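S.K.: pasted the sequence and its predicted model underneath.
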Amino acid sequence: MSEGQSRAVTRLFIAPTAPSHRLLDAAVRRLRFAWSYLRWRPRFAAYGFGSLLESPVQITNPRFISIGRGVHIRSGARIEAILTTGPTPHLQIGDGTSIHMHFHCGAALDVRIGRNVLIAGRVYITDHDHAFDDPDRPPVQNNTLLASSTVVEDDCWLGEGAIVLKGVRIERGSVVAAGSVVTRDVPALSVVAGVPARVVRSIARTGDLAPCSAPS
Ligand SMILES: CC(C)(COP(=O)(O)OP(=O)(O)OC[C@H]1O[C@@H](n2cnc3c(N)ncnc32)[C@H](O)[C@@H]1OP(=O)(O)O)[C@@H](O)C(=O)NCCC(=O)NCCS
């Protein structure tokens, strides 16, 4: 598109479930929630009712992972709490967060994802790197990790294939564009894009947002 040219954008609303199916849907959903809760609650540090974790899924050390209520994690996820000689790892996903296919998240120290975060497919969130400064030990043989807390606050949206690297805080209500790599903190209500991700604009919101739940 040439400079100055603008695209027509149509505002659409996702259709609700057809009324005739609502009762059946609700019953099936409650059964799925109950099965998911019975299956996963004993294994995780916390697992809220109303959450779904779709198979296949690869979970490492779920006893250090907390999943809130009404969280939906679609198939192909790899979610890891990595044990080290340091503090126990902590990985938290807040109420109402929705995560699409092939999510990868690794916490060697502390990853916190807030409430009502929308995470598209193939997103990666990490709080660590492998050390690569020892010429005698390549990263695959080097058991040293460099870790720093990573936080995604409430109401954010991470677009398809976004990557969030260690030590980053994405403040509430922000949007990470598809394919971006976030290497620095993102201020609240910002859109960031690119590699490395830079603020491309701020988001003007009319209503007040509820208080943020992500721990500081
Ligand atoms: C970020 C996004 C939401 C658009 O937001 P927007 O505020 O309307 O942004 P604009 O389209 O006006 O673009 C603003 C700037 O960011 C750039 N930009 C937008 N998306 C980008 C991306 N994914 N990567 C790199 N740059 C991007 C634009 O080129 C533009 O740059 P310019 O000002 O130099 O021309 C959209 O581009 C996007 O990435 N959507 C994600 C879709 C997705 O993952 N869906 C999964 C469903 S869960």
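M.R.: Looks like it arrived, so ask away.

S.K.: what helix or strand is Ile79 on?
M.R.: strand 77-81 (DSSP states H and E).

S.K.: please spell out which residues along stretch 87-103 are buried.
M.R.: Residues of stretch 87-103 classed as buried by neighbour count (16 or more other C-beta atoms under 10 Å): 89-100, 102-103. In this view, the C-beta of every residue, glycine as well, is placed from N, C-alpha and C.

S.K.: just the residues you listed that are near the ligand?
M.R.: With the criterion set as C-beta under 6 Å from any ligand atom, the members of these near the ligand are His100.

S.K.: for the strand holding Ile79, which strands pair with it and how are they oriented?
M.R.: The pairing partners recorded for strand 77-81 under DSSP bridges are strand 57-60 (parallel), strand 104-107 (parallel).

S.K.: in it, what counts as buried?
M.R.: So for strand 77-81, counting by 16+ other C-beta under 10 Å, buried means Ala77, Ile79, Glu80, Ala81.

S.K.: and the third one, what does it touch?
M.R.: So the one you mean is Glu80. Gln58, Ile59, Thr60, Asn61, Leu91, Cys105, Gly106, Ala107 (C-beta atoms under 8 Å, 6 or more residues apart in numbering).

S.K.: repeat the analysis, applying 10 Å as the threshold.
M.R.: Applying C-beta atoms under 10 Å, 6 or more residues apart in numbering to Glu80 gives the contacts 58-62, 64-65, 89, 91, 104-108, 111, 126.

S.K.: closest one of the residues you listed to Arg172?
M.R.: Val111 (16.3 Å; C-beta to C-beta).

S.K.: burial of Gly106, as a residue count?
M.R.: Number of residues near Gly106 (other C-beta atoms under 10 Å) recorded here: 22.

S.K.: just for the protein, where's the confidence low?
M.R.: Within the chain, the segments meeting pLDDT under 70 span 1-5, 206-216.

S.K.: how about the residues of it near the ligand?
M.R.: So far as C-beta under 6 Å from any ligand atom goes, the chain lies against the ligand at 100, 118, 120, 159-160, 175, 177-180, 191, 193-194, 200-201.

S.K.: report how many residues lie close to Ile113.
M.R.: A count of nearby residues for Ile113, using other C-beta under 10 Å, gives 27.

S.K.: for Leu145, see how far away Val71 is.
M.R.: From Val71 across to Leu145, the span is 26 Å (C-beta to C-beta, to the nearest Å).

S.K.: just His21 next, same as before
M.R.: Separation of His21 from Leu145 (C-beta to C-beta) stands at 48 Å.

S.K.: higher neighbour count, those two?
M.R.: Under the criterion of other C-beta under 10 Å, the comparison of His21 against Leu145 puts Leu145 first, with 17 against 10.
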